[in-house]
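1. I would like to see how this sequence folds:
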Amino acid sequence: MPMKSRVAAALVAVAASAQALLSQQPPQRQAPPAATFRVQVDAVELDTFVTDAQGNPVTDLTVDDFEVLEDGKTQAIISFSLVNIPIERTERPLFAASPIEPDVQTNNRDEGRLYVIALDEVGPEQALRTRRFLHRFVERYFAANDVAAVVFLGRALGKNAQDFTGNRRLLLNAIDSFSGGFSAEPTPPSAAVAIGRGAAAGPSPAGPPGACLTDGERAFAVRSVMSSLRTLTEFMAGIRGRHKALLLFSQGFPVDMFKVVDYRGGVLCLQEEDAHAAIVAATRGNVTIYPIDPRGLAPDGGLGDAETASSPDPLARMEARSSLRALADVTGGFAVIDSNSIEGAFDRIVRENSTY
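-> Now for the predicted structure:
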C-alpha cells in the first residue's frame, strides 16, 4: 500500500475510534443562557414657578438656568419646556345673570388648569364663609378650559362630592352642600394626652410637646381627616401630564407638621404616618397645596379681628395654623391665614398654575 493511502487509512481509523468513544460518554450539560433583566427608569416631572421682584412670572429661562440635585448629585435634565395656558373666559349674554351652559358637552377641550377643592370639617359659620369664597372663585377665576373636583375630608358625606368637571353649575351644587361637618376648636399637639380622660378627671399634665391624639372622638376625627388627605394626594399624584393645585379649606390640624416634614425615621403615630405619606405623595407628584383658613376672613372679604381675638385657645389656633403653613411651604404653595386678600390669593393661584 502506498504511504499516502496508509496515512489516510490511519486517520480514518482514529476518527472512527474517537467518534465511538464520544458516543459512549454521557452528554455534557450546556451552560444555561445568561439571564436578562429589564430595568425601567421613569422620568420625574418637576414644575417650577419663577417670579421677578414684582411677583411676575419669568418666561425667558432656558434649561441651562436650572440644576436638579438628588442626594447632592446632579441629575440629567432630558426635557425642558415652558407651559403657558391661556385663560378662556365664558361669554355672558347681556340678558343673563351668568354664562349660559352649552347644550352639548365634549371632551375636546383645550389644555387648562386642574384644581381640587378639599373641604375640611369647620364650624357652621366658617362653612358659610367657605361657600361664599368658593362661589367667588368659580364665578370669577374658573376658566372655560379648566377642570375641578370637590371633595370632603373626614366624616362628611362623600355622596355630595363632585368628580372632575368643567361645569360651573355642578361645582357650585357640590360647594353649596358643604355644611362644615363635626368641627370643634382644634386641640394643640401639646395637650393631646389629655384627650379622652373626661371632664371628671380634672386637670392633668399635658405631656410632651408633639404628643399624638390617642383616644376620644377628636382623635378619631383627626385620623379620619389625615387618612382622607393621604388618599386624596396619592390619587392626585397619579394624574400625569398636568400641574395639580389643591385648594384646602381648613382650620388646621393638631399634628406637628414640621416634625412630619423633617421625619428621619422612628415611630410615628397613625395620623402622623398619614400626614407624612400625604406630603411625600404631594412633593413627588407635583401637587401644590394652598391652605385657606376661613376664620380670619369676614363675609365681605375683610378681616374679622373681633372673632380672631375671641379664640378660646390661642395656642391651639397658632399651632393649627402652623400646620397649614408647613403644608404650603413643603409643596410650593402658600397659605391664606388671617388675611383679607382673598381676591389676590385667587389671582396668584391662577397665575402660578398658568405659566410655569
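2. just the buried positions in stretch 254-269, please.
-> Neighbour-count burial for stretch 254-269 flags 254, 255, 256, 257, 259, 260, 268, 269 (criterion: 16 or more other CB atoms under 10 Å). Backbone N, C-alpha and C define where each C-beta goes, glycine included.
3. ok, the fourth one to residue 286 distance?
-> So the one you mean is residue 257. Distance of residue 257 to residue 286, given as CB to CB, to the nearest Å: 20 Å.
4. now swap in the fifth one and tell me
-> Taking CB to CB as the measure, residue 259 and residue 286 are separated by 24 Å.
5. hmm, residue 243 is touching residue 354, no?
-> No - here residue 243 lies out of contact with residue 354, judged by CB atoms under 8 Å, at a distance of 9.4 Å.
6. mutual contacts of those two, please.
-> residue 113 (CB atoms under 8 Å, 6 or more residues apart in numbering).
7. show me what whichever strand or helix holds residue 325 is packed against.
-> Using DSSP states H and E, residue 325 falls within helix 314-331. Helix 314-331 sits against helix 257-261, helix 270-284, strand 287-292, with contacts defined as 3 or more CB pairs under 8 Å, 6 or more residues apart in numbering; DSSP states H and E.
8. from the contact counts, what lies against the next helix or strand after it?
-> Once helix 314-331 ends, the next helix or strand along the chain (criterion: DSSP H and E) is helix 342-352. Here helix 342-352 touches helix 124-140, strand 244-249, strand 287-292, going by 3+ CB pairs under 8 Å, 6+ apart.
9. elements contacting the last one?
-> Using 3+ CB pairs under 8 Å, 6+ apart, the elements in contact with strand 287-292 are helix 216-237, strand 244-249, helix 270-284, helix 314-331, helix 342-352.
10. the inter-axis angle of the second one versus strand 287-292?
-> What separates the directions of strand 244-249 and strand 287-292 is an angle of 20 degrees, with axes from the mean of the first three to the mean of the last three CA atoms, to 10 degrees.
11. quick one: contacts of strand 244-249?
-> With CB under 8 Å, 6+ apart as the criterion, strand 244-249 contacts 113-120, 122, 130, 133-134, 137, 229, 232-233, 236-237, 282, 285-294, 324, 327, 333, 349, 352-353.
12. quick one: residues contacting residue 352.
-> 49, 245, 288.
13. so where's the protein shaky on pLDDT?
-> Applying pLDDT under 70 to the chain flags the ranges 1-42, 89-110, 156-158, 181-216, 296-317, 340.
14. what residues of stretch 331-349 count as buried?
-> Within stretch 331-349, the residues scored as buried using 16+ other CB under 10 Å are 331, 332, 333, 334, 335, 336, 337, 342, 345, 346, 348, 349.
15. now residue 221: how far from residue 339?
-> Taken as CB to CB, the span from residue 221 to residue 339 is 26 Å.
16. where's the residue lying closest to residue 346 once chain neighbours are set aside relative to residue 320, distance?
-> The shortest distance from residue 346 to any residue other than its chain neighbours is 4.9 Å, reached at residue 141 (CB to CB, 6 or more residues apart in numbering). Per CB to CB, residue 141 is found 27 Å from residue 320.
17. more neighbours: those two, which one.
-> Using other CB atoms under 10 Å as the criterion, residue 141 and residue 320 rank with residue 320 on top: 25 against 16.
18. so what's the residue count around residue 144?
-> 16.
19. okay, and it sits in which element?
-> Residue 144 belongs to no helix or strand when assigned by DSSP H and E.
20. that one contacts residue 166, doesn't it?
-> Yes - with contact defined as CB under 8 Å, residue 144 reaches residue 166; the gap is 7.1 Å.
21. between these two, what contacts are shared?
-> Common contacts of residue 144 and residue 166 (CB under 8 Å, 6+ apart): residue 112.
22. tell me the spacing between residue 122 and residue 129.
-> Residue 122 is 9 Å from residue 129, by CB to CB.
23. what's the overlap in contacts for these two?
-> residue 294.
24. so what's the closest residue to residue 237 other than its chain neighbours up against?
-> Spatial nearest neighbour of residue 237, chain neighbours left out: residue 285 (2.4 Å); criterion: CB to CB, 6+ apart. Shown in contact with residue 285 (CB under 8 Å, 6+ apart): 233, 234, 236, 237, 238, 239, 244.
25. ranking the residues you listed by neighbours, who comes first?
-> The residue in the contacts of residue 285 with the most neighbours, by other CB under 10 Å, is residue 233 (28 neighbours).
26. how many residues are close by the nearest residue to residue 114 once chain neighbours are set aside?
-> In space, and not counting its chain neighbours, residue 114 is closest to residue 242: 4.8 Å by CB to CB, 6+ apart. Residue 242 has 18 neighbours, counted by other CB under 10 Å.
27. what helix or strand is residue 242 on?
-> Residue 242 belongs to no helix or strand, assigned by DSSP H and E.
28. which phi and psi values does it adopt?
-> phi -140, psi 150 (degrees, to the nearest 10).
29. look up how far residue 330 lies from residue 338.
-> Taking CB to CB as the measure, residue 338 falls 21 Å from residue 330.
30. likewise for residue 270?
-> Taken as CB to CB, the span from residue 270 to residue 330 is 20 Å.
31. which one's more surrounded, these two?
-> The neighbour comparison of residue 270 against residue 330 (other CB under 10 Å) goes to residue 330, with 18 against 15.
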